[in-house]
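Following is a predicted model, sequence given first.
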Amino acid sequence: MLIVSNRVTIAAAELELQMIRASGPGGQHVNKTSSAIQLIFDVKNSASLPDIYKQRLLSRGHANLTASGKLIIKAQQYRSQELNRQDALERLKAILLAAMVVPKKRLATKPTLASKKRRVDNKKKLSQTKALRRKPD
């Protein structure tokens, strides 16, 4: 079970952990052991995750999210399988916590008088520069 917050916990049955071989250096031992972890979490069909969080995750279009709505996390930073499993779970927790943050609504503001004046002055300056480039009549 993964405890994300006080209200949200993900059941262990919803998390699919696969042991795979890690890429990269490691000597002779790397070809014999499967120390990397691939965590697959089905966001669309999750019973533990509230609908609002599902919508935010799916609408954001995370890089590790497949078209079928599965979140795939590959952890191979450590040489230990257990440490990679913990790393994958922490990364899933961070992604879910980021989806729980409600984005602030933007308040429309008017441009200040000074910014309007700067814009007009800049336009005048550019037009004068271009006028000087023209051939005389």
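Received it, and whenever you're ready, just let me know what you need. Numbers count the residues shown, from 1 in each chain.

tell me the secondary structure for residue 136?
Put simply, residue 136 is coil when judged by DSSP: H, G, I helix; E, B strand; the rest coil.

Do you know the pLDDT at it?
The model reports residue 136 with a pLDDT of 83.

Neighbours of it, how many?
By other CB atoms under 10 Å, the residues close to residue 136 number 3. From N, CA and C alone the C-beta is placed, and that goes for glycine too.

next one: residue 89
If we define neighbours as other CB under 10 Å, then residue 89 has 19 of them.

which secondary structure element contains it?
Assigned by DSSP states H and E, residue 89 belongs to helix 81-100.

And the strands in the chain, which stretches?
Here the chain has its strands, by DSSP state E, at 2-3, 9-10, 15-20, 36-42, 70-75.

These: which one's closest to residue 48?
The closest of the strands of the chain to residue 48 is strand 9-10. By CB to CB, the value is 4.8 Å.

Spell out which strands sit alongside that closest one in the sheet and which way each one runs.
Applying DSSP bridges, strand 9-10 is found paired with strand 2-3 (antiparallel).

what's the strand it pairs with in contact with?
9, 10, 12, 15, 89, 92, 93 (CB atoms under 8 Å, 6 or more residues apart in numbering).

Spatially central residue for the protein, please.
Geometric centre of the chain, nearest residue: residue 62, 5.0 Å, by CA atoms, centre = their mean.
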